[in-house]
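**Student:** Show me how the following folds:
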Amino acid sequence: MFKNYLLLAMRNMRKNKLHTFINVGGMTVAFICSTFILLLVYRHFTYDNFELNKDKLYKVYDYAIGPNGEETATSMPYPLTPALKAENIGIEKATRIFERGKLVRYKDKTLDMSTTMVDPDFLNMFTFRVVKGNAINPLSDVSNTVITEKTAGKLFDKEDPIGKNIEVRLGADWYRLTVVAVVKDFPANSTIKFSLLARTELNPDYPMMQNLWDSRNHSVYVQLANNTTEQQVETRLRSFVKKYTPVDVALEKKSGYKEDKNGDYSSLRLLPFTQEHFNSQIGSGGTVSKAFLYTLLLISFVIILIASFNFVNLNVGLSFTRTKEMGIRKCLGAGKRQVWLQVWGESFMMVLISMLLAIAVVDLLIRNFNKTFDNSMDAGMLFSPAITGILILLVLAVSLIASGYPSSIMASLKTVEILKGKISIKKPGMLRNALIVTQFVIAIVLMCCTIIIFQQFNYVRAAPLGYNTTSIISIPIKDNINGKDIIDKMRTRLASQSSVIAVSGSNANLGLGEDGSTSTSVMCFTYGDKNICGQVINGDYDFLKALGIKPVSGRDFSADHPGDTGTAVIATESYAAQFGKNDIAGFSYYPDSALPKITIVGIIPDFKLNSIKRQQKPLVISLSSDKNLSYVWIKVITSNPTVTMNMIKNVYSTVEPGVEFKGSFVNENIDRLYRDEQMMAKLFSIAACIAIILSCMGLFGMASIIIRQRVKEIGVRKVLGATVNGIVTLVSKEFIKPVLIAILIAIPVGWWIMSAWLQDFAYRVNIHWWVFGIAGFVAILISILTISFQAIKAARANPVQSLRTE
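**Tutor:** Numbering: from 1, shown residues only. The predicted model follows:
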């Protein structure tokens, strides 16, 4: 019986080649897209799954309700971690985590590698399995270090690393450490990443800052004790905060801060480790929002839905060309179940072929997908139990959705009516039109979303940041401890180059550079009855000249004013406004009684340090006496950026010999900040194209079936004098109506979806009516072109031949 069904299925597929191609081709494309999306989403939702204690781990963060809404921060002071463990509040283990240094060396080999500073509890909290060496308490001594298998290979090649001494550069000095353990390399989807571990106490600033509660520079993770809940610990943390870091309520009120639901102006809260990857404000290690992942799943679902609708429409249409076959089978004893299984089995076979083809294509294209969307997936994920199970369920579900209804129709037809040719279906076009409407609603909404996402993406890229991003080159400095000296050397060696306008530097990057880094810090202090807060970055001479910013009043940092070092700052207008004074250039203040007097030498317009995705905070630039600067900024004027970049690269190689050059134009850095929006724009554009193609494939197939069923009617109309245009209009009108209805439904749906999405941006585009007009026009135009091919072919056919055939 199975063999018979298989032969019948193959025969019917050969007989209806066009419709088989549309069904199999459409489902294959839909499965390819859905499989890629499924792998991407699965990778993110399985982040940190290897962590055995993940349900007990939490990240500590500050929470307050400021004048502009909720404020969160994850930077913590050194004494917090030991205090959390000392107090009996339900915290069993705790560790500080932060990175320091950029260099590691063993004998004559030096690597560009940062050191991750942690506490002894780290390896007992997180699941990084020791594969060699001390597995009990490898970080019991400050002189110990733990490295990964990958680091061991880079540093020691085939040597046994255990017991070997390496050196790490922290600050200006080298520290000798002994390798006591090697841990297994962690998966790519791990929030916590490191090359080598060292004790927090090794950090050069630790002795000076270990008891300071107002200096913050690292993250803190805790593991709760058994039978202790997050709510219980957060309740106990309220008393903890009042004991160790009490706030001045009167000052908080005056500064515009408000009480939270517990009546606190400042509090410590816990973020579950399982949620860190999905929290862009507090998380680390490349976060992604769950809303974005659910959007991807929705796109996957609607693409499969469109392909399934094609299946339903085409199968229902083709079913009525097989009524005599089914009537004879029923006369020969076939029951409803057998008829249903036969029709469903044919569809199942096509869906299965589509899935197998899709898996093969995904295996071939997965590397290109990774490059395009900056991911690290591999084809082996396809054969993981979870993914394999989902794909099998998908095949069964799609085959049931796509063929369940047509199979039921054929199984329920009465044998006598079939053989007499008296088959009547109530409102036969209703389901067909409903499915066509749904398909085009999805396609038009996706088109509208694509246009608006591209508009927003181009808007945030092109919006003025307050400086010319295309003429500034940012270069990460490897030896940042001597960054100021390196900047001075670059300034001297580029002085003779006519294409170089200015050379400066900073400890913060503009945008997201080739080194993958972007960071700033926030400093607050009390001045009289005012609370002054703002982002703080360190700069060098010619800071404003390099950025091309003209001061509103005052001046730039200059070597002509050597007294600026350590005491002069340049403030943005919003920062200066907090003092409540009119003309503030030249004004001096004390941010702390232990610090020297600070003088504001220049006031500049507010500018966006990185992007316009969020409101820019007040900013102050300091000409620090510290030589620690991390980036060289070079303002250039050139008609040949490549030649200029190569020239600067050659000069830089003489300043830091043997260091990989990672310079980039700032406009490229800014573009990297919008990777999520860029990815979404690409995905929506791909999804919109696929949705339109699949919808048109279905429309093309349905038009061919309907015209085949109406070939006699068309022949009679031609004999009676109907023109080609008249017949084309008659046939096309039946399919254009559902598309027009789809446009009317899609416009409000698309507007609502994109209005909600744009709310996440502090600066956003307006939604214009012409976006929906273009999407609707494109849908109608493509529909007419798709239908017209079949309609013109039928209208131009010889009516004598069609009537004779009938």
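**Student:** Would you mind listing the buried residues in stretch 570-580?
**Tutor:** Going by neighbour count (16 or more other C-beta atoms under 10 Å), the buried part of stretch 570-580 is 570, 571, 572, 573, 575, 576, 578, 579. C-beta: built from backbone N, CA, C; applies to glycine.
**Student:** next SSE after the helix or strand containing the second one?
**Tutor:** Residue 571 is part of strand 568-572, with elements assigned from DSSP states H and E. Toward the C-terminus, strand 568-572 is succeeded by helix 573-577 as the next helix or strand (DSSP H and E).
**Student:** helices or strands up against that following helix?
**Tutor:** Contact partners of helix 573-577 among helices and strands, from 3 or more C-beta pairs under 8 Å, 6 or more residues apart in numbering; DSSP states H and E: strand 530-538, strand 598-604, strand 619-622.
**Student:** Ranking those by mean neighbour count, which comes first?
**Tutor:** Most buried of the helices and strands packed on helix 573-577 by mean neighbour count (mean count of other C-beta atoms under 10 Å) is strand 619-622; its value is a mean of 23.
**Student:** Name the residues that touch it?
**Tutor:** Defining contact as C-beta atoms under 8 Å, 6 or more residues apart in numbering, one finds that strand 619-622 is touched by 506, 523, 534-539, 543, 568-572, 574-575, 598, 606-607, 609.
**Student:** tell me how far the next helix-or-strand element following that strand is from the chain's mean position?
**Tutor:** Scanning the chain past strand 619-622 towards its C-terminal end, the next helix or strand to appear is strand 631-636 (assignment: DSSP H and E). Centre-to-centre, strand 631-636 and its host chain are 29 Å apart (C-alpha atoms, centre = their mean, to the nearest Å).
**Student:** for stretch 82-95, same thing?
**Tutor:** Remark: stretch 82-95 is offset 34 Å from the chain centroid, using C-alpha atoms, centre = their mean.
**Student:** Pull stretch 209-226 out as CSV, backbone CA atoms only.
**Tutor:** What follows is stretch 209-226 as a C-alpha-only set of coordinates in CSV (Å, rounded to 0.1, in the frame of the first residue of the first chain):
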residue,chain,number,x,y,z
MET,A,209,41.0,52.0,46.7
GLN,A,210,40.1,48.9,48.7
ASN,A,211,38.2,50.8,51.3
LEU,A,212,36.7,53.6,49.1
TRP,A,213,33.0,53.4,48.6
ASP,A,214,32.7,56.3,46.2
SER,A,215,35.1,54.9,43.6
ARG,A,216,33.5,52.3,41.2
ASN,A,217,35.2,50.4,38.5
HIS,A,218,34.0,46.7,38.2
SER,A,219,31.1,44.4,38.1
VAL,A,220,30.0,42.1,41.0
TYR,A,221,28.3,38.7,40.8
VAL,A,222,26.9,36.8,43.7
GLN,A,223,25.6,33.3,44.3
LEU,A,224,22.6,33.0,46.7
ALA,A,225,22.5,30.5,49.5
ASN,A,226,20.2,27.5,49.2
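**Student:** Buried residues, it. List them.
**Tutor:** 209, 216, 218, 219, 220, 221, 222, 223, 224.
**Student:** ok, back up a step: now mean pLDDT and distance to residue 703 too, for the helices and strands packed on helix 573-577, in JSON lines please.
**Tutor:** Supplementary listing: the helices and strands packed on helix 573-577 in JSON lines, determined by pLDDT from 0 to 100; distance: least, C-beta to C-beta, whole Å:
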{"stretch": "strand 530-538", "mean pLDDT": "78", "distance to residue 703": "61"}
{"stretch": "strand 598-604", "mean pLDDT": "84", "distance to residue 703": "64"}
{"stretch": "strand 619-622", "mean pLDDT": "84", "distance to residue 703": "61"}
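**Student:** Pipe those into TSV and attach distance to residue 483 per row.
**Tutor:** Written out in TSV, the entries for those read as follows (distance: least, C-beta to C-beta, whole Å):
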stretch	distance to residue 483
strand 530-538	9
strand 598-604	22
strand 619-622	14
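**Student:** need the contact list for the closest residue to residue 792 other than its chain neighbours.
**Tutor:** With C-beta to C-beta, 6 or more residues apart in numbering as the measure, residue 728 is the residue that lies nearest to residue 792, at 5.8 Å, once sequence neighbours are left out. Taking C-beta under 8 Å, 6+ apart as the definition of contact, the neighbours of residue 728 are 788, 791, 792, 795.
**Student:** circling back to that earlier point, show me what the strand holding residue 571 is in contact with.
**Tutor:** The set of residues external to strand 568-572 that reach it, using C-beta under 8 Å, 6+ apart, is 534, 539, 543-544, 551, 554, 556-557, 561, 584, 598-607, 618-623.
**Student:** Find out how far stretch 22-33 is from the centre of the chain, if you would.
**Tutor:** Between the centre of stretch 22-33 and the centre of its host chain there is 26 Å, according to C-alpha atoms, centre = their mean.
**Student:** go on, stretch 438-454?
**Tutor:** Centroid separation for stretch 438-454 versus its chain: 20 Å, with C-alpha atoms, centre = their mean.
**Student:** Check stretch 493-500 too.
**Tutor:** Averaged C-alpha coordinates place stretch 493-500 at 40 Å from its chain's average position (C-alpha atoms, centre = their mean).
**Student:** try stretch 169-189
**Tutor:** On C-alpha atoms, centre = their mean, the centre of stretch 169-189 falls 29 Å from the chain's centre.
**Student:** Would you mind listing the buried residues in that stretch?
**Tutor:** Of the residues in stretch 169-189, those buried (16+ other C-beta under 10 Å) are 169, 170, 175, 177, 179, 180, 181, 182, 183, 186, 189.
**Student:** For the fifth one, which three-state class applies?
**Tutor:** For residue 179, the secondary structure call by DSSP: H, G, I helix; E, B strand; the rest coil comes out as strand.
**Student:** any idea how far residue 149 is from the nearest residue to it once chain neighbours are set aside?
**Tutor:** Computed as C-beta to C-beta, 6+ apart, the closest residue to residue 179 that is not its neighbour in sequence is residue 161, at 4.6 Å. Residue 161 sits 10 Å away from residue 149, taking C-beta to C-beta, to the nearest Å as the criterion.
**Student:** which one of the two has more residues nearby?
**Tutor:** Set residue 161 next to residue 149 and count neighbours by other C-beta atoms under 10 Å: residue 161 wins out with 22 against 15.
**Student:** Would you mind giving me the confidence score for that one?
**Tutor:** Among the per-residue scores, residue 161 shows a pLDDT of 92.
**Student:** repeat for residue 155
**Tutor:** As predicted, residue 155 sits at a pLDDT of 91.
**Student:** Residue 62 is in what secondary structure piece?
**Tutor:** Using DSSP H and E, residue 62 maps to strand 57-66.
**Student:** May I see the buried residues of that strand?
**Tutor:** In terms of neighbour count (16+ other C-beta under 10 Å), strand 57-66 has its buried residues at 57, 58, 59, 60, 61, 62, 63, 64, 65.
**Student:** And stretch 722-741, by the same measure?
**Tutor:** Buried residues in stretch 722-741, counting neighbours by 16+ other C-beta under 10 Å, are found at 722, 727, 728, 730, 731, 732, 734, 735, 738, 739, 741.
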